[in-house]
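# Give the three-dimensional model of this entry:
(chains A and B)
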2 protein chains.
Amino acid sequence: MGMIVMSPSTQGFYEDLLSKCKDMTVLRSAAGIVQWDMETMMPPKGINLRSEQLGLLDLLSHKMLTDPAIAELLRAIESSPSFPDMDQVQRRNVRLIRKSYDEAVKLPEALVSGTAKQVTLSVGAWKRAKAAKDYSIFKPELAKTIELKKQAGDILMRVKGTSNRYDALIDSFEPNMTADRVTAVFSEMRDQLIQLMRKIEASEVKPDLSIVSRYIPMNVQRKISALVMQFIGFDTTSAAAGGRLDETVHPFSTGYYDDIRITTHYYENRFVSSFYSVMHEGGHALYEQGFPPEWMYQPVGSAASYGIHESQSRFVENIVGRSPECLRYLLPRIRKATGARLKGVGLKDFTLAANAVTPSKIRVEADEVTYGLHIIIRFEMERDLFADKLTVDELPQVWNEKYDKYLGVSIENDSEGVMQDTHWASGYFGYFPSYALGNIYSGMWLDRLEKDVPEWRQRIGRGDFAAVRDWLRQSVHSKANLYDPEELVQVITGQSLKVGPFMDYLNRKYGRLYGF
Amino acid sequence: MGMIVMSPSTQGFYEDLLSKCKDMTVLRSAAGIVQWDMETMMPPKGINLRSEQLGLLDLLSHKMLTDPAIAELLRAIESSPSFPDMDQVQRRNVRLIRKSYDEAVKLPEALVSGTAKQVTLSVGAWKRAKAAKDYSIFKPELAKTIELKKQAGDILMRVKGTSNRYDALIDSFEPNMTADRVTAVFSEMRDQLIQLMRKIEASEVKPDLSIVSRYIPMNVQRKISALVMQFIGFDTTSAAAGGRLDETVHPFSTGYYDDIRITTHYYENRFVSSFYSVMHEGGHALYEQGFPPEWMYQPVGSAASYGIHESQSRFVENIVGRSPECLRYLLPRIRKATGARLKGVGLKDFTLAANAVTPSKIRVEADEVTYGLHIIIRFEMERDLFADKLTVDELPQVWNEKYDKYLGVSIENDSEGVMQDTHWASGYFGYFPSYALGNIYSGMWLDRLEKDVPEWRQRIGRGDFAAVRDWLRQSVHSKANLYDPEELVQVITGQSLKVGPFMDYLNRKYGRLYGF
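Here you go, the predicted model:
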């Protein structure tokens, strides 16, 4: 049994700090419900009231976080002689609050509100420009948005002590990650992904995509979702259920601890879309549900990073969900639910169709192999933009060149090119890397899982996901936000972050499927 | 065009006050969404987090309301020489904020939190006592709850300047109403209701209740709900919809302005239950949707009282929905939706069954005639309790005597007697009168409607509810909280509050149905 070695007063300060943190967390979780309601339930006329509600909740959260009392408590705790004797969780909590506080108070309010206004203009211009396929409509607003994000990056760089402004932006999504580290792993991954993609293109094995575009009515797809949720153990039906599944235009997951909600979208001619989106969002959901209950309302009881979150969704969706073993178990059940609609669809053909690789122009439609290339292109461009090596004028041309060079596709207009995503218009710079880091992390988890639970594939083939879920829970979920991502990788796998395991997994799987 | 005659500084204070009021309103509306979600959508495991969320939102609302800046603004405005020159809406807003503020700051926090804790104990004891049919389990906790409400009443009596403590409690639900006024109208109504009930009991006409207990599956009942909503004009489906219908154990309505939500409960062997609960809650919903848009976020843009709210739901449910004219229009459509299930059910029999009068022990199952008697019993007992003329020990006996005397039913145990409602356990004293006042108000509206739109019944018979809705909108809804209830009655009808119109309506309708 550990002894609390903090002085009584430090202990009191710490408890006060956690109590304020609890209020912030509870308020944000309430705002999460209101946000979810907007996407799923709200009658259309409610939109103006809703934006008032969300704006106010955001303002109240921000006021709570920037309360001078928080600064005083932090200073008192950090300057206490017993601070170094606090346990790991306590120190992590203090550090995470310190980080949020510093970020919130150091950015001038004029910059924050100015950016919010500019983003509205910039998203508006992006929509118009995309519809008109005319980058020149978007360019001036994008330039202003980037300028403001550079200013924010310059300030945050000093607050966070990063060596450049883009690192400071990345850090908001992937704590302590740097553009240099990302460049190192992405460069290695880029060449290997291109090589693998070319091998697959050269293969004589061609997936029959008509299988996965057969018409499956929505109510049948809902049954498939129920199968998936039962398989992964995301409970939405029992008297102790801590989750929900709803339907929205774009799938997402949200919630906190005992109330985690995912959504999907049903396309009647593309049932694998919802099949895999339930797996993907379910992976996010299991992560959140796996945080230690005793860390509820504490900063440590949250996700380690966007990339670690994504490693969970991709693990469940791709590594498990697209594996031949998982499909061996689920396909007969899907076939049963769909009646005659999937008649004659065999496991081998279905597995191949579910793992079809096709270089494309659009990121959100990309497969497991080419997805990383879409991200790498964006990362390389963001990095150069923020290092003033690339201008807003040059973006479309550089984009098109990279798509040609890495993916071998020619972009015909900027709407399917540099303007395809909303991220830049919304000022989300530094976010894209997390998507591909999620894949790389998931490869590291797989490498470790193979050693810890060598028979995991056989178990999946029997419909037993519990061994994998327990491993993820114990190894990843239960550590929540105790470590920064790279440190977490080290703690779980005993190795530093590397691309090898993810590429080995891809090469093995696709080599087998495409016969090389 | 009116001129703003306030001095520039008073104008500024007033705008600041309204801006703070807007924040409170927006926050409370967000809490309303979170509360609604708890009743309709929340996964069961989320309950503890939810109670933290609602508790915090409540605390934040209370902090906003008791902000000393509000007191300063109120003082500055009220003491300004230009205060009397403010327009009616402005003065009403100031008065309503003053009232809320005074109530919120004058009740000691220890009393408020002590009452909240006591109510939890008292509701717990009530549940156990009700299950065990043993009032002695409930009695000590009820006594403590009443003691605390007496203390609150004593304080609020001084704050509000009422002549006794019970009036101060009534005022929270029915502003400016007094026990004396309620006694006057209720005594008159009591004798007349008993007389009418006896006439109906003596009639040879007996409704065939088997008609309304035919099995109607839930999905068919959902279609009936859609018919009802279309009939009354509660839009939940269009691209401009400002409402929703969901399913809960107990029907309720909630929401604010452009986002109003009602619920119902489907009993497969009692379809009229949901049929009329959608009308009832729809009546509440139309009221909220009819407040002037320009009063949004202002105190004046809210309900005048619980009783006025109830007058709207009962008007739609009873006066319109149970009228032969409405059923003439809706029954064929219901019959179509239910297929063979209502075969052979004629309009006359259905109307009679929908207007069956049966003295019963349970308030929530009561019909339009006997309902008032249930309320009057509760009111008389509350009034005597708070005047120290009745003790907690005597409650069951007095309850049973009154049920025997007014309704002619014998109460066999206290679970179906004094412990049937949760209101007293929850500390809601002064609330019951509003239910029956709602009926009395609705009679006053009817009296005026007959003069303004004499052909309203024929229109309803043709499925045209618009004339009634427009009348309610213009007469009642559009005045929102500009007047206290009795004043509102005077403004709308040109008469003071009286029982006559409601009793005339009942006597006419039931005389025709039961042949006397």
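# Please make it C-alpha for all contacts and neighbour counts, starting now.
Noted.
# Helix or strand: which one has residue A:309?
helix A:306-314 (DSSP states H and E).
# try residue A:245
Using DSSP H and E, residue A:245 sits within strand A:243-247.
# going on from that strand, what's the next piece of helix or strand?
strand A:253-256.
# quick one: contacts of that next one?
By Cα atoms under 8 Å, 6 or more residues apart in numbering or on different chains, the residues outside strand A:253-256 that reach it are A:29, A:32-33, A:36, A:260-263, A:281-282, A:284-285, A:288-289.
# Partner strands of that strand, with direction?
Sheet pairing of strand A:253-256 (DSSP bridges) gives strand A:259-264 (antiparallel).
# What angle do strand A:243-247 and the partner strand make with each other?
In terms of direction (axes from the mean of the first three to the mean of the last three Cα atoms, to 10 degrees), strand A:259-264 departs from strand A:243-247 by 30 degrees.
# can you list the residues that contact strand A:259-264?
Here strand A:259-264 makes contact (Cα under 8 Å, 6+ apart) with A:242-255, A:274, A:277-278, A:281-282, A:285, A:288-289, B:42-43, B:45-46.
# Kindly write the PyMOL command that selects the buried subset of those.
The following PyMOL line selects those of the contacts of strand A:259-264 that are buried, judged by 16 or more other Cα atoms under 10 Å in any protein chain shown:
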select buried, (chain A and resi 242+243+244+245+246+247+251+252+253+254+255+274+277+278+281+282+285+288+289) or (chain B and resi 42+43+45+46)
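# before we move on, back to that, which one of the contacts of strand A:253-256 is nearest chain B?
When the contacts of strand A:253-256 are compared for distance to chain B (Cα to the nearest Cα), residue A:33 wins out at 6.7 Å.
# Let me see the contact set for that closest one.
Contact analysis of residue A:33 by Cα under 8 Å, 6+ apart lists A:255, B:34, B:37.
# Check residue A:268 too.
A:215-218.
# Can you give the distance of the helix holding residue A:309 from its chain's centre?
5 Å (Cα atoms, centre = their mean, to the nearest Å).
# again with stretch A:423-438
So, by Cα atoms, centre = their mean, the centroid of stretch A:423-438 is 9 Å from its chain's centroid.
# could you give the mean pLDDT of it?
Average pLDDT, stretch A:423-438: 97.
# who touches that stretch?
Contacts with stretch A:423-438, where a contact means Cα under 8 Å, 6+ apart, come from A:119-120, A:122-123, A:126, A:142, A:145-146, A:149, A:166-167, A:169-174, A:182, A:306-312, A:314, A:371-372, A:375-376, A:378-379, A:382.
# In that stretch, which residues are buried?
For stretch A:423-438, by 16+ other Cα under 10 Å, it's A:424-438.
# Downstream of the top helix by length along chain A, the next helix or strand is which one?
Under DSSP state H, the helix in chain A containing the largest number of residues is helix A:8-40. On the C-terminal side of helix A:8-40, the closest following helix or strand by DSSP H and E is helix A:47-65.
# Could the C-alpha coordinates of the helix or strand just after that following helix be exported in PDB?
Next along the chain after helix A:47-65, taking DSSP H and E as the criterion, comes helix A:68-78. Extracted C-alpha coordinates of helix A:68-78, given in PDB (Å, rounded to 0.1, in the frame of the first residue of the first chain):
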ATOM      1  CA  PRO A  68      -6.800  32.400 -11.700                       C
ATOM      2  CA  ALA A  69      -7.500  30.000  -8.800                       C
ATOM      3  CA  ILE A  70      -6.200  27.200 -11.000                       C
ATOM      4  CA  ALA A  71      -2.900  29.100 -11.600                       C
ATOM      5  CA  GLU A  72      -2.600  29.600  -7.800                       C
ATOM      6  CA  LEU A  73      -3.200  25.900  -7.000                       C
ATOM      7  CA  LEU A  74      -0.800  24.800  -9.700                       C
ATOM      8  CA  ARG A  75       1.900  27.100  -8.400                       C
ATOM      9  CA  ALA A  76       1.300  26.000  -4.800                       C
ATOM     10  CA  ILE A  77       1.500  22.300  -5.800                       C
ATOM     11  CA  GLU A  78       4.500  22.600  -8.200                       C
END
